[in-house]
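Enquirer: Next one to model:
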Amino acid sequence: MNETRVLVGAILNSWAAQRDYAARLTADLSDADMRSQPVPGVVMNHPAWVFSHLSLYPPVLTAILRGAKEGEFADPIKSPFGKDSRPMSDRAAYLPKQELLAAYFAGHDELARALEGADAPALARPIPLKRWEKRFPLVADALVHLMLDHEAGHLGQVSAWRRAGGRAAV
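Expert: Predicted coordinates for the structure are as follows:
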């Protein structure tokens with residue numbers, strides 16, 4: 001087995017574990033729970049915001065892995081759930097739980113398939129999103145950060161949100 005396949009396999013194993021964790025974090029939540037703020041006066045990243053935010057990145061990364069150029073995919077910064085957004089309590093701002101998680105899992109699974117089929121040259125290409133060039137010079141840089149560090153950090157926020165609201169750890 002070559003080194004690229006070993007690394008891709010390790011990333012995909014972590015990605016699958018995070019997918020499972022996300023399902024467990026949200027299994028017992030209602031639509032209203034998804035937007036609730038458990039600590040009076042403190043705005044936490046609630047699950048509706050976290051999964052709306054995380055759902056932005058898999059389609060972008062999938063498109064990039066498949067060779068899309070800037071302008072051929074939606075830049076996540078333009079989304080109401082992009083990098084500098086904040087959680088809202090407005091029910092209409094978010095998809096219902098079932099639809100939101102279906103979109104999240106569909107994007108998650110499609111990115112896994114795209115990465116599974118990627119070769120070393122695809123991972124070594126320069127990142128096609130100009131504003132990401134300094135932080136993520138190569139496609140692999142963006143993939144590793146956004147699939148592992150970024151997603152895990154936000155899933156940890158949902159875990160903390162659960163505990164702040166008196167819910168059991170998962």
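Enquirer: so how far is stretch 67-76 from its chain's centroid?
Expert: 17 Å (CA atoms, centre = their mean, to the nearest Å).
Enquirer: Show the average pLDDT along that stretch.
Expert: For stretch 67-76, mean pLDDT rounds to 95.
Enquirer: neighbours around residue 108, how many?
Expert: 21 (other CB atoms under 10 Å). The way it works is simple: take the backbone N, C-alpha and C, and place the C-beta from them, glycine included.
Enquirer: buried ones in the one helix or strand it maps to?
Expert: If you go by DSSP states H and E, residue 108 is part of helix 97-116. Judged by neighbour count (16 or more other CB atoms under 10 Å), helix 97-116 contains these buried residues: 97, 100-101, 103-105, 107-108, 111-112, 114-115.
Enquirer: Quick check: buried residues in stretch 126-139?
Expert: Within stretch 126-139, the residues that qualify as buried are 127-129, 132, 136, 139, counting by 16+ other CB under 10 Å.
Enquirer: Give me the distance between it and the centre of its chain.
Expert: Its chain's C-alpha centre and that of stretch 126-139 lie 18 Å apart, by CA atoms, centre = their mean.
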